[in-house]
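*Asks:* please work out how this folds:
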Amino acid sequence: MSSQAMLSKKVILIGNFGVGKTSLTERFVHKRFSDEYLTTLGVRIDKKEVVVAHTKINLVIWDIAGEVTQKKVNKSYYLGASGVIYVFDLTRPVTYASITAEISYVKETLPQAKVVLVGNKLDLVEEAPTVEAPFHYHLTSAKTGESVEAVFQDLATKLI
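*Replies:* Numbers count the residues shown, from 1 in each chain. This next block holds a predicted model:
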């Protein structure tokens with residue numbers, strides 16, 4: 001029996017309200033989806049263990065209430081975060097109109113954190129729009145589960 005190292009990493013999900021942060025977390029952690037929209041108040045915390053390169057990582061996932069700009073997010077939620085999943089809604093251009101500035105703010109606030117961008121709600125668009133983003137982003141659907149696991153695996157890989 002091989003012994004595996006165990007890491008625990010805080011991951012925050014941020015982005016505008018209604019982009020699907022809670023739905024992505026529910027799909028990843030609990031393998032379920034609900035069409036019912038529930039506003040997250042403050043923060044909701046979940047955990048899930050993943051294995052990357054023979055290393056167990058306990059992802060402590062903070063699903064943070066959506067804000068129009070990340071500058072309005074309570075900075076205490078950022079404390080100790082090793083990873084950031086920034087989610088935008090492919091059906092609402094306003095959620096990705098200022099993505100470069102938003103990511104710059106996140107990197108200023110958490111210079112050591114690994115950041116993954118996610119365009120969610122792929123199931124609601126016939127063709128994914130072209131989004132001006134500072135780096136590659138994943139296209140997901142929390143509803144169908146498409147690429148949700150890949151997002152968290154990508155981030156976990158960057159965290160080790």
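*Asks:* when you work out contacts or count neighbours from here on, use the C-alpha atoms and nothing else.
*Replies:* Will do.
*Asks:* so where do the strands sit in the chain?
*Replies:* 5-14, 43-52, 55-64, 81-89, 114-120, 137-139 (DSSP state E).
*Asks:* name the residues that touch the third one?
*Replies:* Residues external to strand 55-64 that are found in contact with it (C-alpha atoms under 8 Å, 6 or more residues apart in numbering): 4-14, 21-22, 25, 40-51, 77, 156.
*Asks:* rewinding a little: using a markdown table, lay out the strands of the chain together with mean neighbour count.
*Replies:* Shown next, in a markdown table, are the strands of the chain (neighbours: other C-alpha atoms under 10 Å):
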| stretch | mean neighbour count |
| --- | --- |
| strand 5-14 | 20 |
| strand 43-52 | 15 |
| strand 55-64 | 21 |
| strand 81-89 | 24 |
| strand 114-120 | 23 |
| strand 137-139 | 18 |
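*Asks:* distance to Val73 for the ones you listed - can I get that in TSV?
*Replies:* Output for these, formatted as TSV (distance: least, C-alpha to C-alpha, whole Å):
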stretch	distance to Val73
strand 5-14	9
strand 43-52	10
strand 55-64	8
strand 81-89	13
strand 114-120	17
strand 137-139	22
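*Asks:* run the chain-centre distance for stretch 100-116.
*Replies:* How far stretch 100-116 lies from its chain's middle: 13 Å, per C-alpha atoms, centre = their mean, to the nearest Å.
*Asks:* so Gly18 makes contact with Glu67?
*Replies:* No: assessed by C-alpha atoms under 8 Å, Gly18 is found out of contact with Glu67, at 9.4 Å.
*Asks:* any idea which residue sits dead centre in this protein?
*Replies:* In the chain, the centroid-proximal residue (C-alpha atoms, centre = their mean) is Ile85; its distance is 2.7 Å.
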